[in-house]
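>>> Fold the following.
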Amino acid sequence: MDAERFEFHEIGMLGERIPLQVSDVALSGDCNPCEFEQSGNAAITFQRGNYTLFFQGPVRDNHFVATFESPRRVSVLLPPGLDVRNPALGMISQGGIVTDSGVEGIIVTWNSTRTAEVRFYDEGRENLLYIFANFWIIIAVVLLVPFLLTWKRRE
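Sure, this is the predicted structure:
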């Protein structure tokens, strides 16, 4: 990102910016180490340049959204046990590429996007979906079998 400042915020219900508390902020690039200063509650400033920014922040409701003023390369690492590949439970915004890195988990990458969105789920939620689907399949079979048997007798 060719910038000199980055603000950490989330979008509220009315589109307003709400400061986001983050931790483990780090920059990497041509510098070693890359220096930055805390600017306000939820922003950092640094020497203008092209950096990769790393940070950890809270994620609520199994949903992550990142918005930027100009297109950026974004990577989201989901730890083992979380997934996005089932379209009934998970979702990634347009342009996202899902890669299974095995031991590290799932990596979702966008090459040039202004908005990156991920809705993920755990294994327990996927199991509940399959139980729910099987339950309705059994009910459908129980209700259709008598109809099909009486239909065959009419012919």
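
>>> Which helix or strand in the protein has the lowest average pLDDT?
When the helices and strands of the chain are scored by mean pLDDT, DSSP states H and E, strand 2-7 comes last with a mean of 81.

>>> and that one, which residues are buried?
A3, F6 (16 or more other C-beta atoms under 10 Å). From N, CA and C alone the C-beta is placed, and that goes for glycine too.

>>> which helices and strands does that strand pack with?
Strand 2-7 is packed against strand 43-50, with contacts defined by 3 or more C-beta pairs under 8 Å, 6 or more residues apart in numbering; DSSP states H and E.

>>> Direction included, what does the strand it packs on pair up with?
Strand 43-50 pairs in its sheet with strand 2-7 (antiparallel), strand 36-38 (antiparallel), by DSSP bridges.

>>> right, so of those, which gets closest to G81?
G81 lies closest, by C-beta to C-beta, to one member of these: strand 2-7, at 29.5 Å.

>>> Starting from whatever helix or strand comes next after that closest one, tell me which strands it pairs with and how they run.
Beyond strand 2-7 on the C-terminal side, the first helix or strand identified by DSSP states H and E is strand 9-11. Partner strands and pairing direction for strand 9-11 (DSSP bridges) are strand 17-19 (antiparallel).

>>> got the contact list for the strand it pairs with?
E7, F8, H9, E10, I11, G12, G40, N41, A42 (C-beta atoms under 8 Å, 6 or more residues apart in numbering).

>>> 7 Å instead, please
By C-beta atoms under 7 Å, 6 or more residues apart in numbering, the residues outside strand 17-19 that reach it are H9, E10, I11, G12, N41, A42.

>>> now those residues in JSON lines, with pLDDT, distance to L149 and neighbour count?
Below are the contacts of strand 17-19 laid out as JSON lines (pLDDT from 0 to 100; distance: C-beta to C-beta, whole Å; neighbours: other C-beta atoms under 10 Å):
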{"residue": "H9", "pLDDT": "86", "distance to L149": "62", "neighbour count": "14"}
{"residue": "E10", "pLDDT": "84", "distance to L149": "57", "neighbour count": "17"}
{"residue": "I11", "pLDDT": "82", "distance to L149": "56", "neighbour count": "12"}
{"residue": "G12", "pLDDT": "84", "distance to L149": "57", "neighbour count": "9"}
{"residue": "N41", "pLDDT": "74", "distance to L149": "69", "neighbour count": "11"}
{"residue": "A42", "pLDDT": "87", "distance to L149": "66", "neighbour count": "18"}
